[in-house]
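[1] Please work out how this folds:
(one chain, ligands or ions: 1)
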Amino acid sequence: MTISDTHRLEGDGVIYKESPNHGGAFSADLPDTIIIHYTAGASAESAVKTLCDPRMKVSAHLVIGRDGAITQLVPFDTVAWHAGKSSYKGRVGFNKYAIGIEVDNAGRLTKSGDEYVAWFGRAYPEKEVVEAVHRVDSPSIGLNRPNESEPSYWHRYTEKQIALVQEVCVELMDAYEISSILGHEEIAPQRKTDPGPAFPLDTLRERVLYRDRADEGPEKSPPVRHPGMVTASRLNIRSGPMRSAAPIAPPLSQGTMVEIVQESNGWLEVQVQTRGWVKKEYIKT
Ligand SMILES: [Zn+2]
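    Just a heads-up that it's a prediction; the model follows:
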């Protein structure tokens, strides 16, 4: 995958379909931010249709389908209309700063019997659902202060999508002076919940923005991490996968979201702010 001199993504499975919904060229030294979104829709095709409809006045640079197909709608040197009313750390109106990536995902789901239903009526099976508390680390909410306290249901992203978002972000960082990756929910926390807790945004930032300081070389593709949620009221996090291993931090509290790194003999290695081992039976994935 590469980015051409004409600011287009090129590679297998990438198509270009220009949207009429865009502004002018970015100012000098911009874009410097990537905003991650979910489409909250039924398919990548329906999202592309909406984002190319001149009456809708919305767009994004990329739409990433569940099967990994990528559609580019606006060149990367041109302002797209995906952020809306938004602010973060003193900046207002992120369209003029940011590349927008839309990931095909139905968003928050409502449980109905054995099914999980999207706002547009489609039901999804349990294996496509993540149960998680929606939290936003945004200066306008307060760092690490949850804006929801109860878990809810979210459409799972495909591993292909998570891997491709990362791959695209690495390419964008090489081509432009990208210094931050944010969720739409972080720049518009009062009105947006995308990409939501099913998307591993912290892992993406750690792996893409800080990849030079990671142990692995930049060429090595890092593993995809799925989220999990602590179900025990207090869960010890240990230095190894056994009860005799020492706790490495205060216990995790109920509802804490973790990213699962690996599994071993009934234990999961998870990443929170620190990495350690917890009993598997107390993590809902
Ligand atoms: Zn959004």
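[2] contacts for the lowest-mean-pLDDT helix or strand in the chain?
    Within the chain, confidence by mean pLDDT, DSSP states H and E is lowest for strand 275-279 among all helices and strands, at a mean of 82. Residues from elsewhere that reach strand 275-279 (CB atoms under 8 Å, 6 or more residues apart in numbering): 230, 232, 235-242, 245, 247-249, 252, 258, 261, 266-270. To be clear about C-beta, it is placed using only N, CA and C from the backbone, and glycine gets the same treatment.
[3] just stretch 82-98 next, same as before
    Contacts for stretch 82-98 (CB under 8 Å, 6+ apart): 23, 26-27, 30-35, 37, 58-61, 79-81, 100, 102, 138-140, 182, 184, 186-188, 191-192.
[4] Torsion angles phi and psi at the residue of the stretch 101-250 of the chain found nearest the ion?
    Closest contact between the stretch 101-250 of the chain and the ion, by CB to the ion, is at His184 (3.4 Å). Backbone geometry at His184, expressed as degrees, to the nearest 10, gives phi -60, psi -40.
[5] That one contacts Gly196, doesn't it?
    No: using CB atoms under 8 Å, His184 makes no contact with Gly196, being 9.5 Å away.
[6] Spatially nearest residue to Lys22, not counting backbone neighbours?
    Careful, residue 22 is His; it's not Lys. The shortest distance from His22 to any non-neighbouring residue, by CB to CB, 6 or more residues apart in numbering, is to Val74 (4.7 Å).
[7] which stretches of the protein aren't confidently modelled?
    For the chain, the stretches flagged by pLDDT under 70 are 137-146, 212-224, 273-275.
[8] just the helices in it please.
    Remark: helices assigned in the chain by DSSP state H are 44-51, 159-175, 184-187, 201-208.
[9] Export those as JSON lines, with columns for distance to Gly121 and mean neighbour count.
    Below are the helices of the chain laid out as JSON lines (distance: least, CB to CB, whole Å; neighbours: other CB atoms under 10 Å):
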{"stretch": "helix 44-51", "distance to Gly121": "13", "mean neighbour count": "20"}
{"stretch": "helix 159-175", "distance to Gly121": "22", "mean neighbour count": "19"}
{"stretch": "helix 184-187", "distance to Gly121": "23", "mean neighbour count": "26"}
{"stretch": "helix 201-208", "distance to Gly121": "28", "mean neighbour count": "18"}
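[10] What's the local residue count around the residue nearest to His22?
    Val74: 26 surrounding residues under other CB atoms under 10 Å.
[11] Please apply the same query to the one 10 residues further on.
    Gly84 has 14 neighbours, counted by other CB under 10 Å.
[12] Quick check: residues of the stretch 1-150 of the chain near the ion?
    Applying CB under 5 Å from the ion, we find that the stretch 1-150 of the chain lies next to the ion at His37.
[13] By proximity to the ion, which residue of the stretch 1-150 of the chain wins?
    In the stretch 1-150 of the chain, the residue that lies nearest the ion is His37 (3.3 Å; CB to the ion).
[14] Test my guess that that residue contacts His61.
    No: His37 is not in contact with His61 according to CB under 8 Å; the separation is 10.6 Å.
[15] Can you check which residues contact both of those two?
    Overlap of the contact sets of His37 and His61 (by CB under 8 Å, 6+ apart) consists of His82, Gly100, Ile101.
[16] Could you pull up the residues touching the second one?
    Meaning Gly100. Shown in contact with Gly100 (CB under 8 Å, 6+ apart): Ile34, Ile35, His37, Ser59, Ala60, His61, Leu62, Ala80, His82, Ala83.
[17] same thing with Phe26?
    If you count contacts by CB under 8 Å, 6+ apart, Phe26 has them with Asp77, Thr78, Val79, Lys96.
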